[in-house]
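Model the structure of this input:
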Amino acid sequence: MKKDSGGTGQLRSEINALRRQVAELKEIEHRCRHAEAALMACENRNRLLGDSAPLGIFTTDSQGTITGITRKMLELHRWPLVENPESITQADFISMVSQKILADIKRCIDRKVTITIEHSHTGAQAGVTHLHYSLSPITESDGSVSGMMGMVEDCTALKETEAALKESEARYRNLFQSAPVALIERDASELKAYLKQLHASGVVDYRGYLDRHPKEIEHCWSLIKTVNYNQAFLDLMGHTGDEGPTDAIIPIDSHEYLEMAREIVLAAADGNITSEREQKLVTATGESKFLLGISLAVSGHEKDMKRVVIALVDISRHKKTEESLRESESRFRDQTYKDNLTGLYNRRYLYQSLPKLVEKANASDCPVSLIFMDLDHFKQVVDTHGHLNGSRAIREVGQTIDACLETPAYAVAYAGDEFVVVLPGIDQHQAVQKAHEIRSRMKKSVYLLDQGIEVQLQASFGIATLPQHATEINGLIAAADQALFTIKEAGKDAVGQFQID
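Take a look at the predicted model:
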């Protein structure tokens, strides 16, 4: 019985040991399952991160065989999605990417260097896809390379945008060069940067700064670079052949140049390069032209002013037309206010201008004097030498009177052989002196010499002054006329002043 009891105890002991081993195995199994779950969760998170990344990601082993790939990578290559990346064969990979990529992957692994490169791929249904690859070796702690990780970005849209920009730029250049209007493109970015430096140093009033430092105008102008121009510009500026100007256009006059440059610099400082201005410029052939310049920043360069296009239109003919119109207007005005015989002002001008002088004189307490003069015994000249020579004599007398006057004084052919001299700012005493000067010069002059005739003339003078003798135009003229009448009655050939009763 004891022997049987001992065998039973040993059996129980072995059973208990087995139970403990089973419990330990279950614990190990539990930990393994927990670790597997954690590992799977980690892999899922990594896969989620990889799949949600905007970049395509794939890995290979040291032989270049793909070991992992994200959904984004499969989408980039229009490749069917797979559950198990390891099921992708080398042949599949070659069909997915070009042989050049495989060579780049091998070079990355062999040389242990990061490689960035772009490749284009043509899908079965889609068009050309442009991909940017960044290939990096996976190195171990001992320095060996166990594989490669590639990150891929779809740059198709960027490439298409670049192509569209190039096409747009090509169209712009074609239009620029073939435009019938003279065009010149300039780079004002250096000027803009320099103006910012000035502002940072404390310059706020650029206009005042340029006034104090005029040499800065030329320096600022030198910062504007001419980068392009068309054939119409060369033709306009008189350049022959393909060689154009190396520097900015310089106006014909240094003062005009400084004024133009100054205004352009100030416009750039205000950030408003868009403008219109007329400018007188000199061409390569020495011809001066009036040009209308219209400047505009190319879209996208409004702030940096790197590309500013100026259209130039020759308005020289227009300017000449304007000048002709002004001359015609001046001649018409002269015809309206000038006497045809003497070239002096006429009565219309006298009665239009004298009220303004009187009003101004009354407001400023300033005198205005009037000389009324009449040629003595002029009828004898006409009777002796004829009306035509009489008219010639009157014209020559008008020249004598006009030679004695300085602006703002002026003479008026009043009627026949009568004249009026208007003396703004001249008092009575000075008016008397001026009358004697005219009288003396007439006596020293011999008229009608070009007709083979010698005629000497004399005149009577009547003087009135505002405000002593009158306060308005009609009173002033009447006073001077009365003074002349008194001299005529007294024997002529003298200067008389209006006498207040």
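
make it CA atoms for all contacts and neighbour counts henceforth
Noted.

contacting residues for Leu183?
Leu183 sits next to Phe176, Tyr229, Asn230, Ala232, Phe233, Val309, Ile310, Ala311, Leu312 when contact means C-alpha atoms under 8 Å, 6 or more residues apart in numbering.

what's the neighbour count on the spatially closest residue to it that is not a sequence neighbour?
Distances taken as C-alpha to C-alpha, 6 or more residues apart in numbering put Ala311 closest to Leu183, at 4.7 Å, once the chain neighbours are dropped. For Ala311, the count of nearby residues is 17 (other C-alpha atoms under 10 Å).

any idea which element Ala311 lies in?
For Ala311, the element it lies in under DSSP states H and E is strand 308-314.

following that strand, which helix or strand shows up next?
Sequence-wise, the next helix or strand downstream of strand 308-314 (DSSP H and E) is helix 316-337.

Run through who's touching the next helix or strand after that following helix.
Remark: after helix 316-337, the chain's next helix or strand is helix 347-364, criterion DSSP H and E. Under the criterion C-alpha under 8 Å, 6+ apart, residues 336-338, 366-368, 412-414, 424-425, 466-467, 471-473 lie in contact with helix 347-364.

Selecting buried members of those in PyMOL, what would you type?
Paste this into PyMOL to select the buried members of those, with burial taken from 16 or more other C-alpha atoms under 10 Å:
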select buried, resi 337+338+366+367+368+412+413+414+424+425+466+467+471+472+473
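
what's the helix or strand that contains Gly208 packed up against?
Element membership of Gly208, judged by DSSP H and E, is helix 206-212. For helix 206-212, the packing partners by 3 or more C-alpha pairs under 8 Å, 6 or more residues apart in numbering; DSSP states H and E come out as helix 254-269.

buried stuff in the helix it packs on?
For helix 254-269, by 16+ other C-alpha under 10 Å, it's Tyr257, Leu258, Met260, Ala261, Arg262, Ile264, Val265, Leu266, Ala268, Ala269.

and if you look at stretch 382-395?
Buried residues in stretch 382-395 (16+ other C-alpha under 10 Å): Asn389, Gly390, Ser391, Arg392, Ala393, Ile394, Arg395.

Pretty sure Ile371 sits in a helix.
No: secondary structure of Ile371 (DSSP: H, G, I helix; E, B strand; the rest coil): strand, not part of a helix.

hang on, isn't it packed against Pro424?
No: with contacts defined as C-alpha atoms under 8 Å, Ile371 does not count as touching Pro424, sitting 11.4 Å away.

chain center to stretch 203-211, what's the gap?
For stretch 203-211, the separation from the chain centroid amounts to 19 Å (computed by C-alpha atoms, centre = their mean, to the nearest Å).

Show me the domain layout of this structure.
1-50, 53-154, 174-319, 338-497 (automatic domain parsing).

Which stretch among those domains approaches Lys166 most closely?
Lys166 lies closest to domain 174-319 among the domains of the chain, at 12.0 Å (C-alpha to C-alpha).

circling back to that earlier point, contacts for the helix holding Gly208 next, please.
Helix 206-212 is contacted from outside by Val203, Glu216, Ile217, Arg262, Leu266, Ala269, using C-alpha under 8 Å, 6+ apart.

That one - what's its average pLDDT?
Mean pLDDT, helix 206-212: 90.

Three-state assignment for Thr129, please.
Secondary structure state of Thr129, per three-state DSSP, is strand.

For my notes, confirm Leu292 occurs in a strand.
Yes: under three-state DSSP, Leu292 sits within a strand.

So it versus Leu158, what's the distance?
40 Å (C-alpha to C-alpha, to the nearest Å).

what's the least confident helix or strand in the chain, going by average pLDDT?
In the chain, no helix or strand scores lower on mean pLDDT, DSSP states H and E than helix 90-96, which sits at a mean of 53.
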